[in-house]
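In: sequence isn't available, so here's the structure alone:
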């Protein structure tokens, strides 16, 4: 879903200098005043060295992206219902949302020009989208050199981790989140950048079934028995994961799954699977470290 930007908003963006080459000298040297309603937008800005004034649910964002979310960023509240009074008081040059937040665009455009960052979209590679959006925002803010350097560093790091993994060979991998009901999981597959990233890392995604618009699928525990050699990496989302784990501990089905009995289930540090390049970069390290650790344990 694309969020349309009307002529008035487009002209306002141009007047503010957010269209890159026409930025005046004084404006070019100033830090843009931006707010990010979704973490994908925040990820993309931070990768360019641009610190948003405020981000939704910022404390959780900091937990999921430690070391990359500056303390000065204010909290906008819920991503579904951001604090409009705070946004207006910040007088931002522009507001960034994700394409799936199009229902907020009309209201936000009354405060400032509103731009949509598109990571997940039907028929598109989300990993490529994350890089495309990095360069799109870089061009708007005169940060093309930063974008080029960031992506070069990312690709070099990804190649190093892929080489480590290829040297050992790994079985198929599930990546997902434990459902709080203790009988299901959300697993990432086709249509997510997690799927694209696994392939770039030389790993096979064990999930082959159709997925939702967000690239995930709700899977019953019993379905995991059909992949006895697979590894399961599940994001540790704090209390939510603890509640799910307690229920799973009482499940005979769970305890007797081949992957569980073989010790091939591993909680991993969280990342935002709908996020931008910083979340993608974090996922590379988290996934690579986990599969290499499993391989070391399997082979003593």
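Out: Nice, thanks for sending it over. Remember, it's a predicted structure, so these values are computed and weren't measured experimentally. Residues are numbered from 1 along each chain as shown.

In: what about the helices in the protein?
Out: 7-16, 25-29, 39-47, 58-64, 84-90, 105-109, 126-140, 144-166, 193-200, 239-249, 252-255, 258-261, 277-298 (DSSP state H).

In: what mean pLDDT does the third one get?
Out: Summarised as a single mean, pLDDT over helix 39-47 is 96.

In: ok now it, how far from the chain's centre?
Out: Computed by Cα atoms, centre = their mean, to the nearest Å, the chain-centroid distance of helix 39-47 equals 9 Å.

In: next: the longest one.
Out: Offset of helix 144-166 from its chain centre (Cα atoms, centre = their mean): 17 Å.

In: and it with helix 126-140, angle?
Out: Counting by axes from the mean of the first three to the mean of the last three Cα atoms, to 10 degrees, helix 144-166 lies at 160 degrees to helix 126-140.

In: 251 is where my numbering starts, stick with that
Out: Yes, from this point I'll number from 251; that puts the last item at helix 394-416.

In: could you give the average pLDDT over helix 394-416?
Out: So the average pLDDT for helix 394-416 ends up being 97.

In: and what of the fifth one?
Out: Per-residue pLDDT values over helix 334-340 give a mean of 97.

In: on that earlier part again, closest to residue 473 out of the helices of the chain?
Out: Shortest distance between residue 473 and the helices of the chain, using Cβ to Cβ, is found for helix 502-505: 10.8 Å. Placement of C-beta: from N, CA and C, glycine included.

In: helices and strands around the closest one, which ones?
Out: Taking 3 or more Cβ pairs under 8 Å, 6 or more residues apart in numbering; DSSP states H and E as the contact definition, helix 502-505 has no neighbouring helices or strands.

In: now that helix: buried residues?
Out: residue 504 (16 or more other Cβ atoms under 10 Å).

In: gap between that helix and the chain center?
Out: Offset of helix 502-505 from its chain centre (Cα atoms, centre = their mean): 31 Å.

In: quick one: contacts of it?
Out: Residues outside helix 502-505 that contact it (Cβ atoms under 8 Å, 6 or more residues apart in numbering) are 432, 471, 472, 498, 499, 510, 511.

In: just to revisit the earlier point, can you lay out the helices of the chain as CSV showing distance to residue 519?
Out: Formatted as CSV, these follow (distance: least, Cβ to Cβ, whole Å):
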stretch, distance to residue 519
helix 257-266, 37
helix 275-279, 37
helix 289-297, 15
helix 308-314, 8
helix 334-340, 30
helix 355-359, 32
helix 376-390, 19
helix 394-416, 15
helix 443-450, 14
helix 489-499, 11
helix 502-505, 22
helix 508-511, 20
helix 527-548, 5
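
In: highest average neighbour count across these?
Out: Comparing the helices of the chain by mean neighbour count (mean count of other Cβ atoms under 10 Å), helix 289-297 comes out on top with a mean of 28.

In: what's near enough to touch the nearest residue to residue 349 once chain neighbours are set aside?
Out: Leaving out its chain neighbours, the residue that sits closest to residue 349 by Cβ to Cβ, 6 or more residues apart in numbering is residue 368, at 4.2 Å. Residues near residue 368 by Cβ under 8 Å, 6+ apart: 252, 348, 349, 374, 379, 383.

In: what number of residues lie near residue 521?
Out: Burial of residue 521 is recorded as 22 neighbouring residues (other Cβ atoms under 10 Å).

In: what sits against it?
Out: For residue 521, the contacting residues are 314, 315, 485, 529, 532, 533, 536, by Cβ under 8 Å, 6+ apart.

In: for residue 402, same thing?
Out: Under the criterion of Cβ under 8 Å, 6+ apart, residue 402 has no contact partners.
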